[in-house]
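> Let me see the structure of the following:
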Amino acid sequence: MANRGDVVSVDKLWDVFEREREKAWEGVEAPVATPEWNIAAGKIDVINNICESVYNMNTCSRSDGEKAEKPVWKEGKSIVHSDYADGTARTETHHWGEYCCPACGWFVGRTVDVFGRKHTQEKKNFCDRCGQKIDWEGIKRES
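I've put the predicted structure just below:
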């Protein structure tokens with residue numbers, strides 16, 4: 001069983017989908033539009049919807065030798081509004097910065113300021129979204 005953080009290549013994922021399609025039709029010998037046939041067809045529709053979702057996540061094949069790439073640094077500002085029980089409120093601008101996957105732009109790490117020193121946290125060796133291998137060698141963020 002896969003653990004959180006394990007990466008399954010998209011090529012293997014397509015193989016799993018194909019096996020599941022075959023399993024859905026296993027033992028179905030009923031004519032078209034019977035309840036048994038409709039159940040199998042419904043399973044196929046679910047599998048096809050999952051396939052389409054995976055495809056739409058900008059996934060790409062990792063069978064190219066799993067070449068690691070450096071993460072991309074992105075930063076910005078967010079406005080955060082807080083309402084308190086005593087009727088007061090506060091609006092603040094938060095500055096954020098994070099490392100993103102070079103293939104799909106998904107979050108792969110973050111730099112935080114602790115007592116005036118920058119620390120990179122939550123570093124992922126693989127992108128959770130597309131499986132791109134991340135190379136952290138020599139990555140330092142000082143600003």
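> For the closest residue to F107 other than its chain neighbours, grab phi and psi.
Using Cβ to Cβ, 6 or more residues apart in numbering and skipping the chain neighbours, the partner closest in space to F107 is E98 (5.6 Å). Using the backbone N, CA and C atoms, a C-beta is placed for each residue, glycine as well. When read as degrees, to the nearest 10, the backbone of E98 gives phi -150, psi 160.
> same check, this time on the one 3 residues further on
Dihedral angles of C101 (phi, psi; degrees, to the nearest 10) stand at phi -60, psi 130.
> Help me confirm that it comes into contact with V108.
Yes: in this structure, C101 is within contact of V108 by Cβ atoms under 8 Å, at 5.3 Å.
> sorry, back to before: do you know the pLDDT at the residue nearest to F107?
pLDDT, E98: 89.
> list the contacts for it?
For E98, the contact set (Cβ atoms under 8 Å, 6 or more residues apart in numbering) comprises 73-75, 107, 109-111.
> ok, back up a step: shared neighbours, C101 and V108?
Contacts common to C101 and V108, judged by Cβ under 8 Å, 6+ apart, are 71, 127, 134.
> which among those residues gets closest to Q121?
The closest of the shared contacts of C101 and V108 to Q121 turns out to be P71 (Cβ to Cβ; 13.0 Å).
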